[in-house]
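In: only the shape, not the letters, is given here:
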Ligand SMILES: Nc1ncnc2c1ncn2[C@@H]1O[C@H](COP(=O)(O)OP(=O)(O)OP(=O)(O)O)[C@@H](O)[C@H]1O
Ligand SMILES: [Mg+2]
């Protein structure tokens, strides 16, 4: 993948008859691969909505989203969601073992039985001990469940991985190792990792950071510079959240 570009994207939702609330307002940016990009913003600022537009779980009211210069929406939505993968904050599983859940993108869509060796390698990568591979996901801790879900996302070898607070419940040491690994994964193969998080130390691991405030991009730049600028919007937002 080379780039993901938002051009003057807006999105609003109907809240009552004749009343709509703008959730994204004239959002423009371009991300170039390889890249690890943090997305920060208060609760309700529009982070998940932005991800949902990329995944075509919703469509913009105005503007365009382009991947490698082509507007999203030409091909099949299924193919798009296998290429641009959204890892939600809460894990959701299919009936079956942990291993079955990692290979699910194949067997659920009848593409094949699934590549078990590849799934096992990914479970090792996200530090799930082998004795848990045949367990039901519900028997795992919340942090382990999130890591199984990340393994399932990686199983697809996506061009773009969107982590929507997906590392919030992880042990900080495991999260640190996993984010280092994902950054390598993105850089080695010209992929994009887009990470919505409220945690400054995770934002600092990114190459670039976007800050959303009430649906607008209010800052875009190197995380250290934005976070260390005491009077800037990024520091203000994260300070307000810590209070
Ligand atoms: N389907 C919908 N219908 C109506 N309003 C919506 C819908 N989806 C999102 N919203 C509103 O859009 C705003 C942005 O929501 P969004 O989930 O994108 O925020 P967020 O930045 O991801 O917040 P958080 O950090 O809490 O996850 C919120 O005010 C939310 O209530
Ligand atoms: Mg959200």
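Out: On my side now, so go ahead. Quick caveat, the model's predicted, so the values are computed rather than measured. Numbering: from 1, shown residues only. Ligands and ions are numbered 1, 2, ... in the order given.
In: from here on, contacts and neighbour counts on C-alpha atoms
Out: Noted.
In: so how many other residues sit close to residue 169?
Out: As a burial measure, residue 169 scores 17 neighbours (other C-alpha atoms under 10 Å).
In: which helix or strand contains the closest residue to it other than its chain neighbours?
Out: Excluding the flanking residues, the one nearest residue 169 by C-alpha to C-alpha, 6 or more residues apart in numbering is residue 143, at 5.5 Å. Assessed by DSSP states H and E, residue 143 sits inside helix 142-155.
In: then residue 176?
Out: helix 172-188.
In: show the average pLDDT along that helix.
Out: Helix 172-188 shows a mean pLDDT of 94.
In: nearest residue to residue 42 in space, please, no chain neighbours.
Out: With C-alpha to C-alpha, 6+ apart, the residue lying closest to residue 42 is residue 237, at 6.3 Å.
In: ok, residues contacting the host helix or strand of the one you found?
Out: Remark: residue 237 resides in helix 233-242, with elements defined by DSSP H and E. Contacts to helix 233-242, defined as C-alpha atoms under 8 Å, 6 or more residues apart in numbering, come from residues 40-42, 198, 200, 211, 218-219, 226-230.
In: residue 109 belongs to a strand, doesn't it?
Out: No. Under DSSP: H, G, I helix; E, B strand; the rest coil, residue 109 sits outside any strand and is assigned coil.
In: count of neighbours near it?
Out: There are 10 residues near residue 109, going by other C-alpha under 10 Å.
In: so what's the backbone phi/psi at it?
Out: Main-chain torsions, residue 109, degrees, to the nearest 10: phi -100, psi 10.
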